[in-house]
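> predicted coordinates and the sequence they were generated for:
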Amino acid sequence: MKNAKPFLLITGFLGAGKTTLLRRLLHELNPRNIQADVILNDFSNADIDVASLNPSLLSSVEPLAAGCACCESLDELVQLCRKASIGKGDLLLVELNGTADPLVLLETFTLMENRLAFFPRYQVCVVDARYWGKRDEFEILERRQLETAGFFYITHKNEVSEVQLKRVKKSVKMASSNSKEADLEILLDILSKEIRSRKNLTDEAMPSSNTFSSIGSKQQHLKDAAHKLSHRFTGCHFPLPEKVENKAMQRLMNSLPPWVLRAKALVSILDKPEYRWLFEKVGTELIQNPIPIYELPDTPSSLMCIGPKLAPDKIKKLVELEFGVLTPK
């Protein structure tokens, strides 16, 4: 695998903090003179999260809209990875959406490692300390996203008690005994060292084994319960006014029912015209600080909701109560 680049796969459930981790990695890699190629997979409109990344901090970025990237969009994802393998970036960062089952993707990288020039291949699973073990029927899907990861990265640690945090760490270790906890500095050091040493490695010096574990046949995993859960999620879009008041947008996001597990809204705020803004909600929690969007000036303002049992008519009524009847542009 001469000239192979390091690869980091970021997995984790809806709203765990994967894109936030991605932004932090890009921000901290920049002063180390390291730039990444990025593939960002989201359930519906990946362009919105892509536009939340500062373009000056990365080499290239490709959106991939797909619910389960290991199924209907696997070929597209592989082609994007092959493109990145010959790109200018020092490494490849891939973020899977929060409903995806990563197992078939990891198997594909193993089978195609001679055509996908990435080594070592790491996986980090982002775990939200507030909700780990509380996903009800979707707990097995979240565990699937963790079980092949070499590292786990815990978010929202300061929002739970020390006793609860210890329980979360113990449960995570039991779910994936080969995983190690990593903070931002650990991930940065690992990636930086690999990139610095890459030019000195030869094919003979490279280990032949894959960093990812062996994971069995594709057909087996397409039939199991965890994988089937990944296909239970749906998404829907609703138009929003081009410019809104910040308080009105927060009211709408807070009014969304709990069966909307993830919500994102792209709008312009009347008193903050310098950017467009991304509002986000995870379950019942509204993320308080909207994120500035650097691009997408022509993308219509809209609300996107994700969940396993969506009722679009009910969400539409909530939008109309706040902003009146709107029609898509």
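Received, thanks. Numbers count the residues shown, from 1 in each chain.
> can I take it that residue 114 is in a strand?
No. Going by DSSP: H, G, I helix; E, B strand; the rest coil, the assignment for residue 114 is coil, not a strand.
> separation between it and residue 293?
39 Å (C-beta to C-beta, to the nearest Å). For the C-beta atoms, the positions are set from N, CA and C on the backbone; glycine is no exception.
> quick one: which of the two has more around it?
residue 293 (22 against 7; other C-beta atoms under 10 Å).
> quick check: phi and psi at residue 99.
Residue 99 has phi and psi values of phi -110, psi 0 when expressed as degrees, to the nearest 10.
> which of the helices or strands spans the residue nearest to residue 78 when sequence neighbours are not counted?
In space, not counting the residues next to it along the chain, residue 78 is nearest to residue 108; the distance is 6.6 Å by C-beta to C-beta, 6 or more residues apart in numbering. Using DSSP states H and E, residue 108 sits in helix 103-111.
> tell me the first helix or strand C-terminal of that helix.
According to DSSP H and E, the helix or strand after helix 103-111 is strand 118-128.
> which other helices and strands does that following strand contact?
strand 5-12, helix 18-29, helix 103-111, helix 139-147, strand 151-155, helix 184-198 (3 or more C-beta pairs under 8 Å, 6 or more residues apart in numbering; DSSP states H and E).
> quick one: neighbours of residue 289, just the number.
8.
> three-state assignment of it?
Residue 289 ends up coil, using three-state DSSP.
> so for it, what's the pLDDT?
With respect to pLDDT, residue 289 scores 86.
> quick one, strands of this protein?
5-12, 36-42, 60-65, 91-95, 118-128, 151-155, 180-181, 234-239, 243-244, 262-269, 272-282, 285-286, 291-293, 302-307 (DSSP state E).
> and the nearest residue in space to residue 180 that is not next to it in sequence, what does it touch?
Once flanking residues are discounted, residue 180 sits nearest to residue 151: 5.6 Å by C-beta to C-beta, 6+ apart. Contacts for residue 151 (C-beta atoms under 8 Å, 6 or more residues apart in numbering) come out as 122-125, 179-182, 186-187.
> and the protein, what are its domains?
Here the domain parsing of the chain from automatic domain parsing is 5-221, 234-323.
> go through those domains and find the least confident stretch.
Lowest mean pLDDT within the domains of the chain: domain 5-221, at a mean of 85.
> sorry, back to before: just send the strands of the chain back as CSV, with distance to residue 315 too.
Formatted as CSV, the strands of the chain follow (distance: least, C-beta to C-beta, whole Å):
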stretch, distance to residue 315
strand 5-12, 25
strand 36-42, 18
strand 60-65, 20
strand 91-95, 26
strand 118-128, 23
strand 151-155, 27
strand 180-181, 37
strand 234-239, 6
strand 243-244, 16
strand 262-269, 9
strand 272-282, 12
strand 285-286, 15
strand 291-293, 22
strand 302-307, 6
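> identify whichever of those strands lies nearest to residue 139.
Nearest to residue 139, of all these, is strand 118-128, at 12.2 Å by C-beta to C-beta.
> parallel or antiparallel, list what pairs with that closest one.
Next to strand 118-128 in the sheet, as set by DSSP bridges, lie strand 5-12 (parallel), strand 151-155 (parallel).
> most packed of these?
With neighbours defined as mean count of other C-beta atoms under 10 Å, the strands paired with strand 118-128 peak in mean count at strand 5-12, which reaches a mean of 26.
> and that one, how far out from the chain middle?
10 Å (C-alpha atoms, centre = their mean, to the nearest Å).
> mind putting the contacts of residue 151 in TSV, neighbour count included?
Below are the contacts of residue 151 laid out as TSV (neighbours: other C-beta atoms under 10 Å):
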residue	neighbour count
122	21
123	25
124	25
125	31
179	20
180	12
181	13
182	20
186	14
187	21
